[in-house]
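Q: can't give you the sequence, but here's the structure:
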C-alpha cells in the first residue's frame, strides 16, 4: 500500500497499508482481501519484510470511513536505518507498505486468486514495490518533538468517525505464523502471505548506484547487504559492471598448415613469365656386353623440356577506413593472418589434387596395422622402381593419422610408446609430424581425403613420396595491395604465385583400399 503522510520532525510515516477488494501480488500468488477480513492491530514496521530489521512500530491504525482500507501511522526509531527509511520515504525511493499476515480462512477463486476471508495482522513492511499498488506512503514526519506526535495522535482520535476502529496499545503482539499447503477446494488456517525473503530495493542502474555509494561512502550496512546479495545487480545495472575483452583471438576455422607442400622439395619461383621449362632426360646411352671384334650398338642421350605453368592464388577482403582507424591493431593483424591461412589452404589443396591426378596407386588395404605396413613397404618399392629415388615422406589424412596412432600390439601402441625396445616409429597427437615404418617421415594434411573429407580412410587417403620427384615453386607469399575507394572502403588484395613440377609423376604412390 502507499504511504500517505510523513513528518520529518516527529519521525512518523503515515499511509494506507491494505485495501480490501484490490488484488495484490503476494509471495503465494495473487491475493485479494475480503472487506473486514483484517482487523487493525499494533505491530512492528519492518524493512523489506525482514523481521530482524525493525525500524518502527504502530502509533495509530484504523479503518477508513468507508471500511474499504486500513490506514496507519508508524513511529520510526532513532537509528541509522530508521533515519534512512524516513529520507527514502520523503524522496520516494522507498514509499510502499506491504502487510505480513497469518491467514485463518480463505477461498480459492476460479482464476487461482486466493480470497482471504479472515486473517491476523503480524507485521507491516516498508518496501520499494508494494504488493498492493495503492499501498503507498502519504505523509512523512521526522522531528524529535514528542509533543507533536502526541498532538497528531490526539487529533487523529478526535477526527475519528463512527464505524472506525482504532487500536491504542502501542506494544506489538508477537504472533507465530505457520505454513500449510493450499488446495483449491479446501479451507485451511495459517496459510502464508508474507514474503519469506526481503525484496531488494535495487531495481535499476539508479538504485544500484544509490546503494553502492551509501555502502562504500557512508558505510551503510543495509546498502552493503543489498549490493552484495541482490540477485539483479548485474542484470539491471550492466553499465556498472564492465566486461573486459581479451586480446587473444580464437580461430577454429583456419590455420597455416600445409602438410603436402611441406613433404615436397622446394625451390624459389623464377621472377618472370607465366610458364617455365625444365630439361628432362628422355633417353640415355646404352652399355652392352660386346664380344671382341664385335660392333658396339650406337646410343645417345636425348632430352626434352617439361613445361610448368605458373598459378596465381588470390584473396580479397573489403573493410573501411573507420574500422582500420578506430579498431585495435589486433583487427588488422587477424585480417592479414586469416588471408594467409586461406592462401595456405588453397595452395595445399592444389598440390594434393595435382599429385593425386598424376601419381600411381597400390591396391593394398591399409586400414589395419598389418595392412599399413604392407602398403608403405610396397609403395616405397614402387616409388623407387618408377623414379630410381627413395621414398622419404608419407602424407596422410587426419583419419589415417588417427588410425596410425591407434595401431597396437596386444594393447601396446606401435607408434607412440615411450622408448620401447622395438618401437616402430612415432606418431603423437601433439604434432603433425612423426616417423613411421619402414623409415618414412610422417606428414598430416587436411587437404587429403575423398571429396575433401579430412576424416577419410579410403582411396587416396595416404601417399608415399620421393620429394625429388615433385617440386613446389613459390614466390614470396606476403604480397599485399591496398586501395582506398571513394566511399571510404579499403580493398585488400593478398596474392602470390606458385607452380608444382611433376618431374617424375610416379614418384608418388597413393593407397587403394
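A: The structure has been received and is ready for your questions. All values reported here derive from a predicted model rather than from experimental measurement.
Q: now for the helix or strand where residue 336 lies, which elements pack on it?
A: Residue 336 belongs to helix 329-358 when elements are defined using DSSP states H and E. Using 3 or more CB pairs under 8 Å, 6 or more residues apart in numbering; DSSP states H and E as the contact criterion, the secondary-structure elements in contact with helix 329-358 are helix 259-262, strand 311-320, helix 321-326, strand 462-465, strand 470-474, strand 489-502, strand 508-511. Backbone N, C-alpha and C define where each C-beta goes, glycine included.
Q: please repeat the previous calculation with a cut-off of 7 Å.
A: Contacts defined by 3 or more CB pairs under 7 Å, 6 or more residues apart in numbering; DSSP states H and E place helix 329-358 against helix 259-262, strand 311-320, strand 489-502.
Q: neighbouring strands - and their directions - for the helix or strand harbouring residue 18?
A: Taking DSSP H and E as the definition, residue 18 sits inside strand 12-19. When pairing is defined by DSSP bridges, strand 12-19 lines up against strand 2-7 (antiparallel), strand 69-76 (antiparallel), strand 136-141 (antiparallel).
Q: any idea of the mean pLDDT for the longest one?
A: Which is strand 69-76. Mean pLDDT, strand 69-76: 92.
Q: then the last one?
A: Per-residue pLDDT values over strand 136-141 give a mean of 76.
Q: distance from that strand to the middle of the chain?
A: Distance of strand 136-141 from the chain centroid (CA atoms, centre = their mean, to the nearest Å) equals 47 Å.
Q: same question, the second one
A: Averaged C-alpha coordinates place strand 69-76 at 50 Å from its chain's average position (CA atoms, centre = their mean).
Q: over to stretch 23-35?
A: 40 Å.
Q: that one: which residues count as buried?
A: Of the residues in stretch 23-35, those buried by neighbour count under the rule 16 or more other CB atoms under 10 Å are 23, 24, 26, 28, 31, 32, 33, 34.
Q: for the stretch 201-350 of the chain, give me the ranges with low pLDDT.
A: Counting by pLDDT under 70, the stretch 201-350 of the chain contains low-confidence ranges at 204-205, 228-247.
Q: show me where the chain has its helices.
A: Assignment of helices within the chain using DSSP state H yields the ranges 80-91, 146-158, 205-213, 221-229, 233-236, 259-262, 321-326, 329-358, 369-387, 398-406.
Q: elements contacting the third one?
A: Spelled out, it's helix 205-213. helix 221-229, helix 233-236.
Q: how is this protein divided into domains?
A: 2-197, 200-244, 265-283+300-511 (automatic domain parsing).
Q: let's have these in JSON lines, adding distance to residue 289.
A: Compiled in JSON lines, those are given as follows (distance: least, CB to CB, whole Å):
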{"stretch": "domain 2-197", "distance to residue 289": "107"}
{"stretch": "domain 200-244", "distance to residue 289": "84"}
{"stretch": "domain 265-283+300-511", "distance to residue 289": "20"}
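Q: where among these is average confidence lowest?
A: Ranked by mean pLDDT, those bottom out at domain 200-244, with a mean of 69.
Q: between the strand holding residue 18 and helix 80-91, how many degrees?
A: Calculated by axes from the mean of the first three to the mean of the last three CA atoms, to 10 degrees, strand 12-19 forms an angle of 70 degrees with helix 80-91.
Q: which of the strands paired with strand 12-19 sits closest to residue 225?
A: With CB to CB as the measure, strand 69-76 is the member of the strands paired with strand 12-19 nearest residue 225 (19.8 Å).
Q: so which of the buried residues of stretch 23-35 are in strands?
A: Assigned to strands by DSSP state E, the following of the buried residues of stretch 23-35 qualify: 24, 26, 31, 32, 33.
Q: contacting residues for the fourth one?
A: Contact criterion CB atoms under 7 Å, 6 or more residues apart in numbering gives 21, 22, 23, 24, 113, 115 as the residues in contact with residue 32.
Q: pick the most deeply packed of the helices of the chain.
A: helix 259-262 (a mean of 24; mean count of other CB atoms under 10 Å).
Q: any idea which residue of this protein is furthest from its center?
A: Relative to the centre of the chain, and counting by CA atoms, centre = their mean, the farthest-placed residue is residue 293 at 90.3 Å.
Q: any idea how far that residue is from residue 299?
A: 20 Å (CB to CB, to the nearest Å).
Q: tell me the bridge partners for residue 502.
A: What pairs with residue 502, by the bridge criterion (DSSP bridges), is residue 470.
Q: ok, it to residue 378 distance?
A: 21 Å.
Q: residue 118: how many residues sit nearby?
A: Neighbouring residues of residue 118 were enumerated by other CB atoms under 10 Å; the total is 17.
Q: need the strands for the stretch 151-300 of the chain, in chain order.
A: 191-192, 265-268, 275-283 (DSSP state E, counting those that start in this stretch).
Q: just these: most buried one?
A: Of all the strands of the stretch 151-300 of the chain, strand 191-192 carries the top mean neighbour count, a mean of 20, counting by mean count of other CB under 10 Å.
Q: you'd agree residue 104 is up against residue 117?
A: No: counting by CB atoms under 7 Å, residue 117 is not a contact partner of residue 104; they are 8.1 Å apart.
Q: re the thing from before, among the strands paired with strand 12-19, which is the most enclosed?
A: Ranked by average neighbour count under the criterion mean count of other CB under 10 Å, the strands paired with strand 12-19 are headed by strand 69-76 at a mean of 25.
Q: can you check what angle separates it from strand 29-33?
A: Orientation check (the same axes, to 10 degrees): strand 69-76 against strand 29-33 gives 100 degrees.
Q: residue 256 contacts residue 344, correct?
A: Yes: here residue 256 reaches residue 344: they are 4.6 Å apart, a contact under CB under 7 Å.
Q: in CSV: the buried residues of stretch 23-35, plus distance to residue 460.
A: Supplementary listing: the buried residues of stretch 23-35 in CSV, determined by distance: CB to CB, whole Å:
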residue, distance to residue 460
23, 74
24, 75
26, 72
28, 71
31, 75
32, 78
33, 81
34, 84
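Q: now, which of those sits nearest residue 51?
A: The shortest approach to residue 51 among the buried residues of stretch 23-35 belongs to residue 26, at 16.3 Å (CB to CB).
Q: what bridges to the closest one?
A: In this structure, residue 26 has the following beta-bridge partners (DSSP bridges): residue 29.
Q: quick one: it and residue 127, what's the gap?
A: The spacing between residue 26 and residue 127, counted by CB to CB, is 12 Å.
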